[in-house]
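A.B. asks: Sequence and predicted model, in that order:
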Amino acid sequence: MPAAFVSFKTRWAAAVCAQTQQSRNPTLWLTEWASEPRDIYWDNLAIPYVSLTVRRLIVAVAFFFLTFFFVIPVTAVQSLANIESIEKKAPFLRPIVEVPFIKSLIQGVLPGIALKIFLIVLPTILMIMSKFEGYLSKSSLERRSALRYYLFNFINVFLVSVIAGSALEQLKNFSKLAAKKIPETIGAAIPMKATFFITYVMIDGWAGVAGEILRLKPLIFFHLKNFFLVKTEKDREAAMDAGSIGFNTGEPQIQLYFLLGLVYAVVTPIFLPFILVFFALAFVVYRHQIINVYNQEYESAAAFWPAVHGRIMFALIFSQIVLIGLMSTKCAVTTAPFLIALPVMSYFFHLFCRGRFEPAFVNYPLQEAMMKDTLERAREPNLNLKGYLQNSYVHPVFKDEDEEDDDDHVNGKYDDNAVVATKRQSRRNTPAPSKMSDASSPSLPDVIPEN
């Protein structure tokens, strides 16, 4: 295996090694920060560095074609919402679709349900792509899948729904438009799809939150496993494991709703109550699920936040461009040039935030490392760090049941010391204090007390 985990006696030495180039040849002796033991994706450690670029090129091409060909079913779904196109293509259905109840069902509920069905298998496909790329941690896999899921939703759920549902019906020469006319076209088309997105938020968002509380699928799988597979208490514990929350699917969906809320806040204000209800319900439900149901699979040290912030700023800038396009189609053409300052200022604010705060998520300051080392030596001079690290990064294949039982015992021992009270029956995969120290991930004081 062309990879290894190297431990150091001090944080300063680890920071210097992880953040510097070790050889003249940039493809030799590559060093980077190791993820925590639970976050390691062991299957990708043996992939040679040279093949990573080829793998990522293949995945990029595959994702492009996946996004492109998915336009076909999305366009077909949007055609369901157009009664005139159904009557034109299938005249024999006219007596049926003209019934008021059937007509409202076709225009309101059916497109959202059909679109949701097409998107069910998408997260699994995107996660397989991320694993093929060769990322070394589960958090990196989920971040990469979340990025692609967001791009996919933005292109196929939002843009294609808008263009296929209204713009292509009215502007047959859309592909021949000049670049400066594209914002005007999208700005005029977006208000016409407000009804579809309201029903989509109700079907996918509201119903999704309700389904999160019910958890019918895990309940059914638990009873099946309990009936056919459970033999011991450990089997029952595994069957009851709720797993992690799944950032690669939940986070992009929430950010899509945030994008919809920003876009329609000015264009169609009636859309806002539906979004606000969704976020209020989602906050209550997911807070409860994270505290009492889901287990934390790994600790990524807030590595998701730079990507989340970038997509938030993208949604803000895109909503401002849509507003400019909409104003250009109305009687307020003279005000449109003044609105150009909004996306420009938002973009430079994003650059400022990246320059000021993103390095804290990427690099570890040597000043901070030296300070932590000094304080640790003063507070815990007998800390056996080597004894803890020598068994931390062990492949799961080489771990026996005794070690796993010891980990479960340590997890259960500190249930009462949890930062947030939880009703979970198991603390499986939940961070636990080190077995080599009585403190749980000790946070060192800023000042050493004087004797």
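C.D. replies: Perfect, I can see it now. Numbering: from 1, shown residues only.

A.B. asks: residues touching the closest residue in space to L366 that isn't next to it in sequence, list them.
C.D. replies: The shortest distance from L366 to any non-neighbouring residue, by CB to CB, 6 or more residues apart in numbering, is to A15 (5.6 Å). Any C-beta I mention is one placed from the backbone N, CA and C, and that applies to glycine too. Applying CB atoms under 8 Å, 6 or more residues apart in numbering to A15 gives the contacts N363, Y364, P365, L366, A369.

A.B. asks: I'd like to know how far the nearest residue to the third one once chain neighbours are set aside sits from F8.
C.D. replies: Nearest residue to P365, sequence neighbours excluded (CB to CB, 6+ apart): A15, at 7.8 Å. Per CB to CB, to the nearest Å, A15 is found 9 Å from F8.

A.B. asks: same deal with T124?
C.D. replies: 38 Å.

A.B. asks: The two: who's more crowded?
C.D. replies: F8 (14 against 11; other CB atoms under 10 Å).

A.B. asks: Tell me the confidence at that one?
C.D. replies: Looking at F8, its pLDDT reads 86.

A.B. asks: Would you double-check that it falls in a strand?
C.D. replies: No: under DSSP: H, G, I helix; E, B strand; the rest coil, F8 falls outside any strand and is assigned coil.

A.B. asks: quick one, what contacts the nearest residue to it once chain neighbours are set aside?
C.D. replies: Distances taken as CB to CB, 6+ apart place A14 nearest to F8, at 4.2 Å, with adjacent residues excluded. Contact analysis of A14 by CB under 8 Å, 6+ apart lists S7, F8, A369.

A.B. asks: where does A14 fall, helix, sheet strand or coil?
C.D. replies: With three-state DSSP as the basis, A14 sits in helix.

A.B. asks: rewinding a little: pull out the buried members of the contacts of A15.
C.D. replies: Buried members of these, scored by 16 or more other CB atoms under 10 Å, are Y364, A369.

A.B. asks: Any buried residues in the strand or helix carrying N248, and which?
C.D. replies: In this assignment (DSSP states H and E), N248 forms part of helix 247-267. Under the neighbour-count criterion of 16+ other CB under 10 Å, helix 247-267 has 247-264, 267 buried.

A.B. asks: and the gap between Y150 and Q255?
C.D. replies: Distance of Y150 to Q255, given as CB to CB: 6 Å.

A.B. asks: Give me the common contacts of those two.
C.D. replies: Shared contacts of Y150 and Q255, defined by CB under 8 Å, 6+ apart, are found at R311.

A.B. asks: still on that earlier bit, from the contacts of A15, which is closest to N292?
C.D. replies: Closest to N292 out of these is Y364 (33.3 Å), distances taken as CB to CB.

A.B. asks: how much space is there between that closest one and A242?
C.D. replies: Per CB to CB, Y364 is found 33 Å from A242.

A.B. asks: same deal with V230?
C.D. replies: Counting by CB to CB, the gap from V230 to A242 is 16 Å.

A.B. asks: what do you get for A315?
C.D. replies: A315 sits 30 Å away from A242, going by CB to CB.

A.B. asks: Find the nearest non-adjacent residue to H350, please.
C.D. replies: Leaving aside its sequence neighbours, H350 sits nearest to M313 (CB to CB, 6+ apart; 4.2 Å).

A.B. asks: so where does the one you found fall, helix or strand?
C.D. replies: Element membership for M313 (DSSP H and E) is helix 305-329.

A.B. asks: The nearest residue to A302 once chain neighbours are set aside sits in which helix or strand?
C.D. replies: Excluding the flanking residues, the one nearest A302 by CB to CB, 6+ apart is F361, at 6.6 Å. Per DSSP H and E: F361 is located in helix 359-362.

A.B. asks: what's the answer for P273, then?
C.D. replies: Per DSSP H and E: P273 is located in helix 272-292.

A.B. asks: For that helix, which residues meet the burial criterion?
C.D. replies: Of the residues in helix 272-292, F274, I275, F278, L281, A282, V285, Y286, Q289 count as buried by neighbour count, 16+ other CB under 10 Å.

A.B. asks: That helix vs helix 247-267, what angle?
C.D. replies: Relative orientation of helix 272-292 and helix 247-267, computed by axes from the mean of the first three to the mean of the last three CA atoms, to 10 degrees: 160 degrees.

A.B. asks: how far out from the middle of the chain is helix 272-292?
C.D. replies: Offset of helix 272-292 from its chain centre (CA atoms, centre = their mean, to the nearest Å): 16 Å.

A.B. asks: What is that helix packed up against?
C.D. replies: helix 207-214, helix 247-267 (3 or more CB pairs under 8 Å, 6 or more residues apart in numbering; DSSP states H and E).

A.B. asks: export the longest one as CSV, just CAs?
C.D. replies: Included here for helix 247-267 are C-alpha records, laid out as CSV according to Å, rounded to 0.1, in the frame of the first residue of the first chain:
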residue,chain,number,x,y,z
PHE,A,247,-24.8,15.3,4.7
ASN,A,248,-24.4,14.3,1.0
THR,A,249,-28.2,14.3,0.5
GLY,A,250,-29.7,16.5,3.2
GLU,A,251,-27.4,19.5,2.9
PRO,A,252,-27.8,20.0,-0.9
GLN,A,253,-31.6,19.7,-0.7
ILE,A,254,-31.8,22.4,2.1
GLN,A,255,-29.5,24.7,0.1
LEU,A,256,-31.7,24.2,-3.0
TYR,A,257,-34.7,25.4,-0.9
PHE,A,258,-32.6,28.3,0.3
LEU,A,259,-31.9,29.2,-3.4
LEU,A,260,-35.6,29.0,-4.2
GLY,A,261,-36.4,31.2,-1.3
LEU,A,262,-33.9,33.9,-2.4
VAL,A,263,-35.0,33.8,-6.0
TYR,A,264,-38.7,34.0,-5.3
ALA,A,265,-38.5,36.4,-2.4
VAL,A,266,-38.8,39.4,-4.7
VAL,A,267,-40.2,37.7,-7.8
